[in-house]
Structure formats: C-alpha cells, structure tokens
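Asks: just need the structure, nothing else, for what follows:
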Amino acid sequence: QVQLVESGGGLVQPGGSLRLSCAVSGSIFSINNMAWYRQAPGKERELVASISWSVGNRYYADSVKGRFTISRDSARLTMYLQMSSLKPEDTHVYYCYLRTATSSTYWGQGTQVTVSS
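Replies: Numbers count the residues shown, from 1 in each chain. Take a look at the predicted model:
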C-alpha cells in the first residue's frame with residue numbers, strides 16, 4: 001500500500017521560511033507527477049505547485065511564484081517544497097499528492113503551516 005508522509009510544517013513569522021517534505025513508501029511502479037496542494041478551513045483545496053517525476057517540469061500557482069520551490073529526490077522517493085518570504089495568507093494545511101503512470105492517485109495526511117507574528 002502506498003503512503004505519503006508529510007513533514008516540516010509549523011509556525012513561522014511573516015517573511016520566514018519552511019521546507020516541507022513528502023516521503024513516499026510502499027509498492028509503487030512508476031510515478032507520473034507529484035504536487036503540493038493547500039486548503040484553508042471552509043475553502044476548496046488549491047494547487048500550489050507540481051513537478052513531473054521523470055523530467056522535472058514544474059508548475060507554480062501565481063500566488064507562490066518566486067517564493068516557493070518544488071523539487072524531488074528520485075532516489076529517496078521524496079518531494080520537497082521550499083517556502084520563503086512567507087505571508088499570513090500562506091497559512092493552510094498543505095497536502096502532498098501523487099499520481100502514478102496508471103493514473104492511481106494518493107494523498108498525504110496534511111501538515112499545518114501557520115504564518116503569524
């Protein structure tokens with residue numbers, strides 16, 4: 001069974017930085033792409049950034065361009081989200097997402113990021 005385990009969330013002051021990690025475990029044949037989503041209470045989950053696993057093509061939401069960087073370590077089956085210049089509006093639960101080459105999808109349990117002074 002495939003599991004995604006996020007880590008790295010927490011409380012940070014505005015302007016600060018955090019790095020989220022998403023480790024993939026279990027039996028998986030081929031990853032097509034992975035992504036980070038985020039969700040605030042009462043709002044829909046939104047795509048923050050995505051990365052194609054083999055080529056490394058990246059996509060960023062306009063709200064995080066220039067501040068967030070998505071990356072992956074293929075050998076460790078881990079994806080990262082480096083978040084800098086954090087703003088209070090970045091406060092969300094952040095979720096890791098994976099889609100396989102056969103279009104199966106998986107979600108992590110979420111990690112809370114709070115940006116507040």
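Asks: distance of the spatially closest residue to residue 84 that is not a sequence neighbour from residue 85?
Replies: Nearest residue to residue 84, sequence neighbours excluded (C-beta to C-beta, 6 or more residues apart in numbering): residue 17, at 4.6 Å. Any C-beta I mention is one placed from the backbone N, CA and C, and that applies to glycine too. Distance, residue 17 to residue 85, by C-beta to C-beta, to the nearest Å: 8 Å.
Asks: pretty sure the residue nearest to residue 84 sits against residue 81.
Replies: No. Assessed by C-beta atoms under 8 Å, residue 17 is found out of contact with residue 81, at 10.9 Å.
Asks: these two: which has the busier surroundings?
Replies: Neighbours were counted for residue 17 and for residue 81 using other C-beta atoms under 10 Å; residue 81 has more, 26 against 11.
Asks: sec struct for residue 21, please.
Replies: Reduced to three states with DSSP: H, G, I helix; E, B strand; the rest coil, the structure at residue 21 is strand.
Asks: what strand or helix carries the residue nearest the centre of the chain?
Replies: The centroid of the chain falls nearest to residue 36 when counting by C-alpha atoms, centre = their mean (2.8 Å). Residue 36 belongs to strand 31-39 when elements are defined using DSSP states H and E.
Asks: so what does that strand touch, helix or strand wise?
Replies: Judged by 3 or more C-beta pairs under 8 Å, 6 or more residues apart in numbering; DSSP states H and E, strand 31-39 is in contact with strand 18-25, strand 46-52, strand 68-73, strand 78-83, strand 92-100.
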